[in-house]
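Novice: please work out how this folds:
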Amino acid sequence: MLKLNSIIIVRVQEINTYKYKQYMITLPQKIVKRHNLQKGSELAVLDGENYVMLIPVEKLREMISIV
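Specialist: Sure thing, here's the model as predicted:
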């Protein structure tokens, strides 16, 4: 079961580059600090049927190694 600390709404922004489109979200500072994220940190994107979940890659590796 997932433990939910908060629900925060973020907006997806489109960035047009020369070759292709990219999409960006901005994470609130309190989330970045809570999870010790820094510039260049990697997040795994879990694409469910009714949700999208972001998990820091290091935490995902820990979760997988426990199983």
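Novice: tell me what Met24 is bridged to.
Specialist: Beta-bridge partners for Met24, by DSSP bridges, are Gln13.
Novice: beta partners of the spatially most central residue of the chain?
Specialist: Nearest to the geometric centre of the chain sits Leu54, at 3.1 Å (CA atoms, centre = their mean). Partner residues in beta bridges with Leu54, using DSSP bridges, are Val45.
Novice: who's in contact with it?
Specialist: Contacts for Leu54 (CB atoms under 8 Å, 6 or more residues apart in numbering) come out as 43-46. Every C-beta, even on glycine, is put in place using the N, C-alpha and C of the backbone.
Novice: what's the answer for Ile8, then?
Specialist: Counting by CB under 8 Å, 6+ apart, Ile8 has contacts 28, 31.
Novice: and Glu62, how far is that from Lys39?
Specialist: Computed as CB to CB, to the nearest Å, the Glu62 to Lys39 distance reads 22 Å.
Novice: neighbour-wise, which of these two wins?
Specialist: Glu62 (10 against 5; other CB atoms under 10 Å).
Novice: just for this protein, where's the confidence low?
Specialist: Low-confidence segments of the chain, defined by pLDDT under 70: 1-2, 67.
Novice: at 90 what do you get?
Specialist: The model of the chain has pLDDT under 90 over residues 1-10, 16-22, 50-51, 58-67.
Novice: give me the longest helix you can find in the protein.
Specialist: helix 57-66 (DSSP state H).
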